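Undergrad: Okay, predicted coordinates and the sequence, questions at the end:
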Amino acid sequence: MRKIKYLSALIISLLLTLINYAQTDTADMADTMRSNGRIYVVVAVVVLILSGLLLYLVRLDKKITRIEKNKS
Amino acid sequence: MRRSWWKILCVILLLYTFIGGFLMDVPRLPALSETIRNLYFHVCMWFCMMILFTVSVVYAIRYLRSNKLTDDIYSRQFAAVGIVFGVLGYATGTIWMSYTWADPNNSSFQSFGAVAREPKLIGAAIALLIYFAYMVLRDSISDIDKRARITAVYNVFAYALLFPTIWIIPRILPSLHPGGENGNPALDTNDIDNRMRLVFYPAVIGWTLLGVWITSLKIRLSLLKEKRLL
């Protein structure tokens, strides 16, 4: 009888750890967005904004270089 | 464009950060879930700020040794861009925090009282305010040499205060922010997975180069403006 009690306690505790693992596995990830490819829309928008900003910076850089050349 | 290889490197690394940061695999964590990708953006702001402030204090000390006004201009512009990155880091942190730290049974507005007691938040706010005061101090002194000398000394003190306010005190007190009482946020091996390092380290370099690029433009512009003084 005592053996069965210990055994069941052991099994329950093992199951509890399983539940813990299961909880970490069901993190709320954006899997739908990845599976239907919509994530690429987000990436396209973000990359466009970044490249626009960087281009602006490059133009500013060129402009300042021109002013430096004229002054000296 | 001047000396452009690192500017090209900056563009490539930032494009890689944005593409890889959204598309590559990240660990599946409860509560954080996809927001872990903020590591490539929010944390990099603070890295960039820290590096820019370090360069700023180096130029401040150089000014004190050499008394050359160019060093003062360098020091000021590095601090100014560092502040911009610090404010961006703070603002992005606020958004991230209000979706991950806030009590899920309470709206983020109601759990604000608990979240606002975060030592990391208060420390970062103090550090930024000290640097705001640096800018105010600069503009309040009209004599150029006096301004340069006083603010260079202040810059050293401000830099020294960064360490207790954002590195030491938040780690002594209990905090929700990663790397509270046990180690470095984002650099600790328990904190960050190898897949994330693949994007994170290039992201840090890319953002830092962007900060340096913007600063170099500002420096060149103010060197042009102050030409008759130098």
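TA: The structure has been received and is ready for your questions.
Undergrad: which bits of chain B sit near chain A?
TA: B:1-2, B:7, B:11, B:14-15, B:18-19, B:22-23, B:28-34, B:213-214, B:217, B:220-221, B:224, B:227 (CB under 8 Å from any CB of the partner chain). C-beta coordinates here come from the backbone N, C-alpha and C atoms, glycine included.
Undergrad: The residues you listed, buried ones only, as a PyMOL selection?
TA: Selecting the buried subset of the residues of chain B next to chain A in PyMOL, with 16 or more other CB atoms under 10 Å in any protein chain shown as the burial test, is done by:
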select buried, chain B and resi 7+11+14+18+19+22+28+29+32+33+34+213+214+217+220+221
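Undergrad: Could you pull up the mean pLDDT of the longest helix along chain A?
TA: Longest helix in chain A by number of residues, with DSSP state H as the criterion: helix A:39-71. Rounded to a whole number, the mean pLDDT of helix A:39-71 is 92.
Undergrad: now for it, which elements pack on it?
TA: On a contact count with 3 or more CB pairs under 8 Å, 6 or more residues apart in numbering or on different chains; DSSP states H and E, helix A:39-71 meets helix B:5-23, helix B:194-225.
Undergrad: wait, A:K71 sits on B:L221?
TA: No. Applying CB atoms under 8 Å, one finds A:K71 not in contact with B:L221, separated by 11.7 Å.
Undergrad: how about the nearest residue to B:Y131, chain neighbours excluded?
TA: B:I83 (5.2 Å; CB to CB, 6 or more residues apart in numbering or on different chains).
Undergrad: again, but for B:N155
TA: Spatial nearest neighbour of B:N155, excluding adjacent residues (CB to CB, 6+ apart): B:A60 at 4.0 Å.
Undergrad: for that neighbour, what are its contacts?
TA: The contact partners of B:A60, taken as CB atoms under 8 Å, 6 or more residues apart in numbering or on different chains, are B:D71, B:D72, B:S75, B:T151, B:A152, B:V153, B:N155, B:V156.
Undergrad: What of B:I130?
TA: Shown here is B:I130, whose contacts under the criterion CB under 8 Å, 6+ apart are B:A158, B:L161, B:L162, B:T165.
Undergrad: one more time with 10 Å, if that's ok
TA: By CB atoms under 10 Å, 6 or more residues apart in numbering or on different chains, the contact list for B:I130 reads B:Y154, B:F157, B:A158, B:Y159, B:A160, B:L161, B:L162, B:T165.
Undergrad: B:D72 now?
TA: The neighbours of B:D72, taking CB under 10 Å, 6+ apart as the test, are B:59-60, B:62-64, B:66, B:138, B:144-145, B:147-149, B:151-152, B:155, B:226.
Undergrad: got the angle between the helix or strand it falls within and helix B:194-225?
TA: Taking DSSP states H and E as the criterion, B:D72 maps to helix B:69-100. Here helix B:69-100 runs at 140 degrees with respect to helix B:194-225, directions being taken by axes from the mean of the first three to the mean of the last three CA atoms, to 10 degrees.
Undergrad: quick one on the thing from earlier: among the contacts of B:D72, which one sits closest to chain A?
TA: Taking CB to the nearest CB as the measure, B:E226 is the one of the contacts of B:D72 closest to chain A, at 12.1 Å.
Undergrad: In terms of pLDDT, where does that closest one sit?
TA: At B:E226 the predicted local confidence, pLDDT, stands at 86.
Undergrad: my read: it touches B:T70, true?
TA: Yes. Applying CB atoms under 10 Å as the test, B:E226 and B:T70 come out as touching, 8.8 Å apart.
Undergrad: Show the buried residues in the contacts of B:I130.
TA: Among those, those that count as buried by neighbour count (16+ other CB under 10 Å) are B:Y154, B:A158, B:Y159, B:L162, B:T165.
Undergrad: quick one: contacts for the last one?
TA: Just to be clear, that refers to B:T165. Under the criterion of CB under 10 Å, 6+ apart, the contact partners of B:T165 comprise B:P119, B:K120, B:I122, B:G123, B:A124, B:A125, B:I126, B:A127, B:L128, B:L129, B:I130.
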